[in-house]
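After the sequence you'll find the predicted model.
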Amino acid sequence: MKTLFELKNVYYSYGEHEVLRDINLKIYKNEVLIILGPNGAGKTTLLKIIDALILPTKGEVYFKNMKIDERKIYDPNFNKEFRKSVGFVFQNPDIMLFNPTIFDEVLYSLLQIYDKEEAIKIAEETLKKLNIYHLKDKHPYNISGGEKKKVSLACVLALNPEVILMDEPTSFLDPKSRRELVNIIRNLKNDGKTLVIVTHDLSLLHLADRCCIINKELVYDGDVDGIFSLDLEGLNLDIGDLQKLFLTLKKEGFKIDKVPLTVDEGLKILKELIN
Ligand SMILES: Nc1ncnc2c1ncn2[C@@H]1O[C@H](COP(=O)(O)OP(=O)(O)OP(=O)(O)O)[C@@H](O)[C@H]1O
């Protein structure tokens, strides 16, 4: 497995307030890494460090074996290459939207890379892929929170980055948009993209190759199944009803070898228990 990012003994403080402590973490090429953690645990701060938007207060961050330091983040050549390789979909889409129309919004960064004709073609394709082509002439202020979320995702996906960082991608989304987003993530995974997803939505876990739990420190780093042996409630993590049901069945003495991540998996286990 090729390592894309490596964080070594990373600390971060806002003034006196320490929010990340001694984080050691690798992110591998082509993996889907899901990061869980309670509110205020430092997850967004960690994504900002990975995206070289801020530097750790202490510790080191490497991208493809290259140390990201102050000199690098002010180097236009490094920045251009890095921004092409790594896209960040923010939790609050308002931060990303500042053009007069949705179409201009998606077109904006494409024009830095492609000629106008090619950029327009890619922008149209991306809006259609995300089912938001009908919004193209609207002003970003005049669309809903969920639509904004999809537009900010479109801005990042249009550039086809190798690594996509997503902060709470399913928040604000209705069930249909959520399903669409899950499909988009699945397709990105199948296309071999490296995805780092911060979420409170446990129903995304079935897409993960690996899962981390952050609570200022790195509490867990391993496979998804392993998190169910932890005290998730004690860590203030919302555990899904499906998982709660199977953990209760296990406590009651039923033979549950694996806590299901999807309804289909749950159904299969129940059928085996009944037969
Ligand atoms: N720019 C800032 N200045 C000062 N403190 C900040 C700043 N950004 C975040 N914090 C604080 O740092 C801590 C970690 O914030 P962060 O946004 O990284 O957490 P999070 O795990 O993403 O939380 P959530 O799940 O609620 O989005 C919080 O206590 C927050 O109030």
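Thanks, I have the structure now. A quick note: this is a predicted structure, and the numbers were derived from the prediction, not measured. Residues are numbered from 1 along each chain as shown.

which residue packs closest to E6, ignoring adjacent ones?
In space, E6 comes closest to Y62 once its chain neighbours are excluded; the distance is 4.4 Å by C-beta to C-beta, 6 or more residues apart in numbering. C-beta: built from backbone N, CA, C; applies to glycine.

Let me see the ranges of the helices in the stretch 51-200 of the chain.
70-73, 76-85, 102-110, 116-129, 145-158, 175-190 (DSSP state H, counting those that start in this stretch).

Give me the below-cutoff pLDDT ranges for the stretch 1-150 of the chain.
95-97 (pLDDT under 70).

tally of neighbours for the residue nearest to E6?
15 (other C-beta atoms under 10 Å).

same deal with L159?
By other C-beta under 10 Å, neighbour count at L159 equals 20.

Residues in a beta bridge with the residue positioned nearest the centre of the chain, which ones?
Relative to the mean C-alpha position of the chain, the nearest C-alpha, by C-alpha atoms, centre = their mean, is the one of I197, at 2.0 Å. On the basis of DSSP bridges, I197 is bridged to I34, M166.

so which of the helices of the stretch 51-200 of the chain gets nearest the ligand?
The minimum distance between the ligand and the helices of the stretch 51-200 of the chain falls on helix 145-158, with 14.6 Å, by C-beta to the nearest ligand atom.

which parts of the protein sit against the ligand?
Applying C-beta under 6 Å from any ligand atom, we find that the chain lies next to the ligand at 14, 17, 19, 37, 39-45.

Go again with 5 Å.
With C-beta under 5 Å from any ligand atom as the criterion, the chain meets the ligand at residues 14, 19, 39-45.

what's the most distant pair in those?
For those, the farthest-apart pair by C-beta to C-beta is Y14 and N39; their separation is 15.4 Å.

Mind checking which of the two has more residues around it?
A count of neighbours by other C-beta under 10 Å puts Y14 above the other of Y14 and N39, at 10 against 7.

What's the local residue count around I143?
Around I143 there are 18 other residues, counting by other C-beta under 10 Å.

Now do the phi/psi pair for it.
The phi/psi pair for I143 (degrees, to the nearest 10) reads phi -130, psi 160.

Run a quick check on E60 versus Y11, I expect a contact.
No - contact criterion C-beta atoms under 8 Å: E60 and Y11 do not qualify, at 10.7 Å.
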